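K.L.:
Please find the sequence and the predicted model below.
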Amino acid sequence: MIGPMMMTAAFLHGWPSLLAQAFQPPQLADYMRILPELVLSIFGMLVMVVDPLLDEENSHRSLGTIALIGTLAALASTIWMAHYPGTAFSNMVRVENFSVFFHFLVIAIAAVVILSSFEYLRVQRIRAGEYYGLILFGTVGMCLMSSAIELVLIFIALEISSISTYVLAGFRRREASSSESSLKYFLLGSFATAFFLYGVALMFGATGSTNIDAINQALRSSNAPVPLLAYVATALMFVGLGFKVAAVPFHVWTPDVYEGAPAPVVGLMSTGPKAAAFAILLRVLLEARAPGYFWLIWLSAALTMTLGNVCALVQNNVKRLLAYSSIAHAGYVLVAFAALPELGASAAMFYTAAYAAMNVGAFAVVSHFAGAGEKYVTLEDYAGLGRKSPALAATFTFFLMSLIGIPITGGFFAKFYVLSAALKSNLVVLAIILVLNSAVGAYYYLRIIVMMYMREPQSEVIVTPVPASAGLAITVCVLLTLYLGVLPGPVLDYAAHSARQLIGDAEAPTASAASRGRTVDGVCQDQSFIDLRQGCEPRARVGFPGSGVSTGREKTSAAAIDNRHPSGHY
């Protein structure tokens, strides 16, 4: 009852301003700031309209081409959107480098998944219209998740993304396991969404707002202690988002859903919605400065890494193995969340990009190799693949090596930056857990490689030639993974600048803050200041590179990070 009462109170309290805003038509710039979402929605509706006009047997490639053009147009519109920074629609959406980064990421993921699905849908005899339409509409939700700064809009975007993936997980309707995965995903996802919404209601009760900026100001503007309700709200929202990223203990749906869902959909589910959910976590935890999250993240990261890798050791189904691998990688990203915001935010963003490239590519290989009905998904089926299809085995090996974190792959620098952020933040124990888990994870990845190159097949497995569309999707993933492993600088610099923009306003001293922060036992207690050995100092100003104009946002200097108190977060 408390949640609905709080939401009702929020409406009654804000209805006069909402009524006034209703008569203020949006400006053209507002529509420019959601241009990728509009483009994706238009092409999604176009796919649904054209679908009944085409022959079902031959519609896969035509509808897939329309959907692919839609994602490419959305990528182009994201570049256009980047020229309109600022807020839109009554301060509900914000365009900045951070949101542009995740727009590019999730739309690129959708494009590659669509490309890898051309031949898959024909082989599996899956209707293409609803499939491609749901991918485009789900991508709309993922994009909104990254740019929304209003918790209610974030919830709506989360539901748009979730409902699409619930349906996509059950698209192999002739297989009982696919229906089971869809139902299990829907039921558990509904509970998780309820937790998130209840956390939003409690956060409103604690701060009087559901806007990210207003929440940040409410939690830091007064000298009174942070209300207990805000801590409970943070925990409940983490439950909802922890389900989306498959963090322990909210991971139980992952292996069964990944096993039953179509392989290209698993590639989408394991990267796109996760990237968008991590974007929300970055906004809620770092930009809104939700209280009391450090130990929650620390414990979840340690458990997620360990359980994911240990459970993957005993898997014989490749899709279930990669499901537990996905859980483990979510734990690696959470390590970055536990680090200093100045270091961890950019590391987490880079990791989501690198993981998307290698995991979508891995599932593109799995979807092609599985054949009709996805018959070939066990480790034994991969025996001798190195001789049957050297190119397919080589690309799969490359993706697995990137998942391990071998140099010249994106996975190496992804783990390196997360580990570096953890060590610079004095999270030594968590860094050790990460290194040990990476060693454990190498075993089951190498196990697949050994099966492909060093084992004789026990049964006849037919490996069909890789079609042009799937080959192009795999090639794109290989090139992106290689680029992030050889030249990570541009992407990391963009992520670092985006992170500084994201946390800048959250860490700017408030009007009531003193010129020096409060220090207890040598550790700075005020989040608007950085820790130095001699006490607390205000953060330094920074502007957009090359603009010569200060943005009013803040960052921590490198010297300040190096001189952080040895106790760190502890």
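P.N.:
Cool, the structure landed.

K.L.:
What about Pro125, how many residues nearby?
P.N.:
Heads up, residue 125 is Arg, not Pro. Arg125: 14 surrounding residues under other Cβ atoms under 10 Å. Where you see a C-beta, it was placed from the backbone N, CA and C, and this is true even at glycine.

K.L.:
ugh, typo on my part, it should be Asn426
P.N.:
18.

K.L.:
Over to it: give its phi and psi.
P.N.:
As for Asn426, its main-chain torsions (degrees, to the nearest 10) stand at phi 60, psi 30.

K.L.:
any idea how far it is from Ala339?
P.N.:
Asn426 sits 9 Å away from Ala339, going by Cβ to Cβ, to the nearest Å.

K.L.:
Arg94 in helix, strand or coil?
P.N.:
strand (DSSP: H, G, I helix; E, B strand; the rest coil).

K.L.:
right, I mislabeled it, should have said Ser90
P.N.:
coil.

K.L.:
And for the residue positioned nearest the centre of the chain, nearest residue in space, chain neighbours not counted?
P.N.:
The chain has Ala275 as the residue nearest its centroid, 1.1 Å off, counting by Cα atoms, centre = their mean. Using Cβ to Cβ, 6 or more residues apart in numbering and skipping residues adjacent in sequence, the residue nearest Ala275 is Thr352, 4.5 Å away.

K.L.:
SS state for the one you found?
P.N.:
helix.

K.L.:
Could you pull up the residues touching it?
P.N.:
105, 271, 274-275, 278, 333 (Cβ atoms under 8 Å, 6 or more residues apart in numbering).

K.L.:
when you check those residues against the helices, which ones overlap?
P.N.:
If you go by DSSP state H, the contacts of Thr352 have 105, 274-275, 278, 333 in helices.

K.L.:
just how off-centre is the host helix or strand of Gly44 within its chain?
P.N.:
Per DSSP states H and E, Gly44 falls inside helix 35-50. Relative to the chain's own centre, helix 35-50 is displaced by 23 Å; criterion: Cα atoms, centre = their mean, to the nearest Å.

K.L.:
Could you identify the helix or strand that succeeds it?
P.N.:
Next along the chain after helix 35-50, taking DSSP H and E as the criterion, comes helix 59-81.

K.L.:
Buried residues in that next one, which are they?
P.N.:
59-60, 62-64, 66-68, 70-75, 77-78, 81 (16 or more other Cβ atoms under 10 Å).

K.L.:
model confidence over that helix, on average?
P.N.:
Taken as a whole, helix 59-81 has a mean pLDDT of 92.

K.L.:
on contacts alone, who are the packing partners of it?
P.N.:
With contacts taken as 3 or more Cβ pairs under 8 Å, 6 or more residues apart in numbering; DSSP states H and E, helix 59-81 sits against helix 35-50, helix 97-124, helix 128-147.

K.L.:
which helices and strands sit right next to the second one?
P.N.:
With contacts defined as 3+ Cβ pairs under 8 Å, 6+ apart, helix 97-124 has these neighbours: helix 35-50, helix 59-81, helix 128-147, helix 263-269, helix 272-281, helix 341-370, helix 468-486, helix 489-507.

K.L.:
Name the residues that touch stretch 122-132?
P.N.:
44, 47-48, 50-52, 56, 59-61, 63-64, 66-67, 114, 117, 120-121, 167-168, 171-172, 174, 262, 371-374.

K.L.:
repeat that with 7 Å
P.N.:
47-48, 51, 56, 59-60, 63-64, 67, 114, 121, 171-172, 262, 372 (Cβ atoms under 7 Å, 6 or more residues apart in numbering).

K.L.:
And stretch 203-217, by the same measure?
P.N.:
By Cβ under 7 Å, 6+ apart, stretch 203-217 touches 6, 10, 91, 149-152, 200, 218-219, 227, 229-230, 233, 283, 287-289, 506.

K.L.:
Restrict these to the buried ones and give me that as a PyMOL selection.
P.N.:
Selection of buried members from the contacts of stretch 203-217 for PyMOL, criterion 16+ other Cβ under 10 Å:
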select buried, resi 6+10+149+150+151+152+200+218+219+227+229+230+233+283+287+288+289+506
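
K.L.:
and stretch 304-319, which residues are buried?
P.N.:
Quick answer for stretch 304-319 (16+ other Cβ under 10 Å): 304-309, 311-312, 315, 318-319.

K.L.:
contacting residues around the residue nearest to Leu35 when sequence neighbours are not counted?
P.N.:
In space, Leu35 comes closest to Ser77 once its chain neighbours are excluded; the distance is 4.3 Å by Cβ to Cβ, 6+ apart. Going by Cβ under 7 Å, 6+ apart, Ser77 touches 35-36, 39.

K.L.:
same thing but at 10 Å, please
P.N.:
32, 34-40, 103, 107 (Cβ atoms under 10 Å, 6 or more residues apart in numbering).

K.L.:
show me where pLDDT drops low in this structure?
P.N.:
1-24, 222, 505-570 (pLDDT under 70).

K.L.:
So which bits of the longest helix seen in it are buried?
P.N.:
Ranked by residue count under DSSP H, the longest helix found in the chain is helix 176-207. For helix 176-207, the neighbour count (16+ other Cβ under 10 Å) marks 178-182, 184-186, 188-189, 192-193, 195-207 as buried.
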